[in-house]
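In: What would the 3D arrangement of this be:
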Amino acid sequence: YTYSTATRNHLSTEELITTLGNAVSVLPKHAVQVIRHVWNEQGKSVSESEDARSMTTVGQFVDIKWKLGVAMSSDTCRSLKYPYFMVTVTVADPSGQITDKSFEMTIPQFKNFCRQFQEMAAVLETV
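Out: Below you'll find the predicted structure:
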């Protein structure tokens, strides 16, 4: 997000660091140094590449829905009793068109998915 925003706004290294300093005062000095180094090394190639355009036009998260299901049987197995989670993520692309993406996960995969969201929430609390 940081680099795509910097690319979209045509920020120099110093402008990026100044903007980050004004917006996020809790960034450790070593984190700012890493951001500066990566932007100095890769910023120009990101700005010049076609990927920069696609990075700045990613979809926007709209909604997430999930449900727990149990596969009771199949044509090859009479008694599965296999629990799974069905997750549907709704995303709006840059033109505003809404798209649903659905996928199934096992219970361990769903627990990992939830843990990652909890980690994101913890990071957001620090901003």
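In: can I see the domain layout of the chain?
Out: Domain ranges of the chain: 3-57, 60-125, per the TED database.
In: end to end, how far does the last one reach?
Out: Okay, so that is domain 60-125. One end of domain 60-125 to the other measures 21 Å (CA to CA, to the nearest Å).
In: and it, how far from the chain's centre?
Out: Distance of domain 60-125 from the chain centroid (CA atoms, centre = their mean, to the nearest Å) equals 15 Å.
In: How about stretch 31-38?
Out: 20 Å.
In: Which residues does that stretch contact?
Out: Stretch 31-38 has contacts (CB atoms under 8 Å, 6 or more residues apart in numbering) with 2, 3, 13, 16, 17, 20, 21. Backbone N, C-alpha and C define where each C-beta goes, glycine included.
In: what residues does the helix or strand encompassing the last one touch?
Out: For residue 21, the element it lies in under DSSP states H and E is helix 13-23. Applying CB under 8 Å, 6+ apart, the set of residues contacting helix 13-23 from outside is 2, 6, 11, 27, 32, 35, 36, 39, 40, 43.
In: Can you say which of these are buried?
Out: 6, 11, 27, 35, 36, 39, 43 (16 or more other CB atoms under 10 Å).
In: Tell me which two of those sit farthest apart.
Out: 27 and 43 (17.7 Å; CB to CB).
In: list the helices and strands the helix or strand that residue 121 is a member of packs on?
Out: According to DSSP H and E, residue 121 maps onto helix 107-126. Secondary-structure packing of helix 107-126 (3 or more CB pairs under 8 Å, 6 or more residues apart in numbering; DSSP states H and E): strand 82-92.
In: Just the ones of the buried ones among the contacts of helix 13-23 in strands?
Out: With DSSP state E as the criterion, strands contain none of the buried ones among the contacts of helix 13-23.
In: quick one: which of those is nearest residue 115?
Out: Nearest to residue 115 among the buried ones among the contacts of helix 13-23 is residue 27, at 24.2 Å by CB to CB.
In: In contact with that closest one: list those residues for me.
Out: By CB under 8 Å, 6+ apart, the contact list for residue 27 reads 20, 21.
In: Show me which helix or strand of this protein is least confident by mean pLDDT.
Out: Sorting the helices and strands of the chain by mean pLDDT, DSSP states H and E puts helix 50-55 at the bottom, at a mean of 50.
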